[in-house]
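# Okay, predicted coordinates and the sequence, questions at the end:
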Amino acid sequence: MSRYTGPRARVSRRLGTNIFGTTGEEKALEKRPYPPGMHGRTRRRGNNNTEYLFQLQEKQKARLSYGLNERQFRKVYDEATRRPGVTGENMLRLLELRLDNVLYRAGLGATRPQARQFVSHGHVNVNGKRVNVPSYRVRKGDVIEIREKTRDNAIIQWNKDVLDRTPPAWLDKAADGNGVTVYSEPLREQIDVPLREQLIVELYSK
């Protein structure tokens, strides 16, 4: 099971960044900017950290941010190594092209877990056909949109009206705001996830 169901703020405090994108995590990081646990205050980041720890933390940030389990994440990395180009950038590109992430980037999901739920519940069409697999990889020219019956959903409307998130340049937002078209594969500078992907490559290359 790839979906994390534990306390989100605890994970974000351990890794030092807002993993799941909720306001609760942001407030927890501001109020308690140190790792969780009874020794959290004395284990401040930067003390006794090893190279392996930094590499592992970057991998955990990426894996949890995109909602993958270890086996799924390793498969993405293995595919990235087989592609021409920079392995770390290939890996992030493959993660960004997941259907649930595209829905999140389009502003139709407040968080990636919420976008994942919309997909798995069958509320999303790709090129006019229902797709309920969050890991489905979109391609250039694909049209992703919320199904007609779901467009009046209160959560969808709130995400569109209140979030008003501007999609990245590799996505072209529909005029009615109910979907996007994949304009191209994302470039590294268009991926704003705070990750040092080279550390993940170094971890898996050992």
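Nice, I can see it.

# do you know how far Ala80 is from Asn90?
Between Ala80 and Asn90 the distance is 4 Å, computed by Cβ to Cβ, to the nearest Å. C-betas here are computed from N, CA, C, even on glycine.

# now swap in Pro113 and tell me
Taken as Cβ to Cβ, the span from Pro113 to Asn90 is 25 Å.

# what about these two, which has more around it?
Shown here are Pro113 and Asn90; by other Cβ atoms under 10 Å, Asn90 has more neighbours (22 against 19).

# In contact with that one: list those residues for me.
Neighbouring residues of Asn90 by Cβ atoms under 8 Å, 6 or more residues apart in numbering: 79-81, 83.

# And Asn125, by the same measure?
By Cβ under 8 Å, 6+ apart, Asn125 lies in contact with 131, 143-147, 179.

# Can I get the buried part of the residues you listed as one PyMOL selection?
To isolate the buried subset of these in PyMOL, counting by 16 or more other Cβ atoms under 10 Å, use the following:
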select buried, resi 131+144+145+146+179
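
# So which elements touch the longest helix along the chain?
Secondary structure of the chain per DSSP state H: the longest helix is helix 51-66. Packed against helix 51-66 by the contact rule (3 or more Cβ pairs under 8 Å, 6 or more residues apart in numbering; DSSP states H and E) you find helix 8-15, helix 70-82, helix 87-96, helix 197-204.

# re earlier: I'd like to know which of the contacts of Asn90 are buried.
Ala80.

# quick one, domains of the protein?
Per the record, the chain has its domains at 1-49, 51-95+192-206, 98-184, by automatic domain parsing.

# if we can go back for a sec, I'd like to know which of the helices and strands packed on helix 51-66 lies nearest to Gln117.
helix 8-15 (14.8 Å; Cβ to Cβ).

# quick one: contacts for the most centrally placed residue in the chain?
The centre of the chain sits closest to Tyr66, judged by Cα atoms, centre = their mean, with a distance of 3.4 Å. Neighbouring residues of Tyr66 by Cβ under 8 Å, 6+ apart: 73, 95, 98, 101, 112.

# How many residues are close by the second one?
By other Cβ under 10 Å, 26 other residues sit near Leu95.

# Make residue 1 into 835 and carry on from there
Sure thing, new numbering starts at 835, so read that last one as Leu929.

# Now it: closest residue in space, sequence neighbours ignored.
Tyr900 (4.9 Å; Cβ to Cβ, 6 or more residues apart in numbering).

# ok, so what distance separates the one you found from Arg932?
7 Å.

# Give the intersection of the neighbour lists for those two.
Between them, Tyr900 and Arg932 share no contacting residue, judged by Cβ under 8 Å, 6+ apart.

# Identify each buried residue in stretch 966-976, please.
Burial within stretch 966-976, assessed by neighbour count using 16+ other Cβ under 10 Å, is assigned to 968-970, 972, 976.
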